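A.B. asks: Predicted model follows, preceded by the sequence.
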Amino acid sequence: MCPVPKEFEEFHNQNIVLDTATPLLYIGHLVDVDDSFLTLEKVDVHDLSSTPTSKDVYLIDSRKIGVKVNRERVKVRRDLIVSITRLDDIIEY
């Protein structure tokens with residue numbers, strides 16, 4: 001593993017949310033970052049196009065109840081990521 005790039009240090013070893021340019025939303029523990037991928041463990045890969053629940057409601061529930069893990073490990077292409085946030089930073093409204 002390479003050192004985590006400075007722009008990702010605050011997210012390393014945290015449960016994070018990755019919004020992507022696809023209908024997929026990733027919630028998991030960030031363990032590694034390289035030039036092409038972010039690697040998450042204990043991941044919930046959620047297809048927003050297959051549920052009537054809004055992204056906001058789903059994230060609030062995930063923060064309250066916990067991550068609904070359906071993948072042990074996932075690599076997400078960096079070029080698909082639109083935003084990244086810590087799960088703990090999701091605000092209930």
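C.D. replies: Looks like it came in fine.
A.B. asks: for the record, mean pLDDT for stretch 85-93?
C.D. replies: Mean pLDDT, computed over stretch 85-93, is 93.
A.B. asks: Which parts of this protein are helices?
C.D. replies: When assigned using DSSP state H, the helices of the chain occupy the ranges 55-65.
A.B. asks: all strands of it, in order?
C.D. replies: All strands of the chain, identified by DSSP state E, fall at 15-20, 24-33, 37-47, 71-77, 81-86.
A.B. asks: Adding mean neighbour count and distance to K64, write these out as JSON lines.
C.D. replies: C-betas here are computed from N, CA, C, even on glycine. Listed next are those as JSON lines, based on neighbours: other Cβ atoms under 10 Å; distance: least, Cβ to Cβ, whole Å:
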{"stretch": "strand 15-20", "mean neighbour count": "20", "distance to K64": "13"}
{"stretch": "strand 24-33", "mean neighbour count": "20", "distance to K64": "13"}
{"stretch": "strand 37-47", "mean neighbour count": "18", "distance to K64": "14"}
{"stretch": "strand 71-77", "mean neighbour count": "14", "distance to K64": "21"}
{"stretch": "strand 81-86", "mean neighbour count": "13", "distance to K64": "15"}
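A.B. asks: show me where pLDDT drops low in the chain?
C.D. replies: Judged against pLDDT under 70, the low-scoring parts of the chain cover residues 1-2.
A.B. asks: Any figure for the gap between V17 and T53?
C.D. replies: Counting by Cβ to Cβ, to the nearest Å, the gap from V17 to T53 is 15 Å.
A.B. asks: what do you get for L30?
C.D. replies: Distance check for L30 against T53: by Cβ to Cβ, it reads 24 Å.
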